[in-house]
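Undergrad: Build me a model:
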Amino acid sequence: MFGRKAKVSAKLGSLGMRKKEIEARRFFLSGRVQGVGCRIFAQSKARDLGITGYARNLRDGRVEVFAMGTSEQLTQLREKLVKGPRMARVDTVNEEPAPVDARYSNEFSIEYTI
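TA: Sure, this is the predicted structure:
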């Protein structure tokens, strides 16, 4: 789907993911997505799925979600992001492959706006 996948065989912190094919993706949510709990929603759903990474607001009004996990986990996260939290209106979710980044292998955090 994305051509060459970013892969790593490693333990992902306390999540106990061992020697699985880990991919990374960036999701960009647009619509009414800032100030309505999208970052916390993304963090909660990612943690439920065993995904690591971060969510942050972008200055252009979108929310960026960087996520690392198996292909199946990332697909499940996308499905949840499309729906979004109750107060949000997610118009689009654009997705792109990303390189695996070991800095985000231990948890899913909320980052500062860039």
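Undergrad: List the buried residues in the helix or strand where R25 lies.
TA: R25 belongs to strand 23-32 when assigned by DSSP states H and E. By neighbour count with 16 or more other Cβ atoms under 10 Å, strand 23-32 contains the buried residues 23-25, 27-31. C-beta here means a position set from N, CA and C on the backbone, and glycine is covered the same way.
Undergrad: what does stretch 80-87 give?
TA: For stretch 80-87, a neighbour-count test (16+ other Cβ under 10 Å) marks 80-81, 84-85 as buried.
Undergrad: so what's R56 up against?
TA: Each residue near R56 by Cβ atoms under 8 Å, 6 or more residues apart in numbering is listed here: 39, 63-64, 110-114.
Undergrad: Kindly report the same for L49.
TA: Residues in contact with L49, defined by Cβ under 8 Å, 6+ apart, are 69, 73, 76-77.
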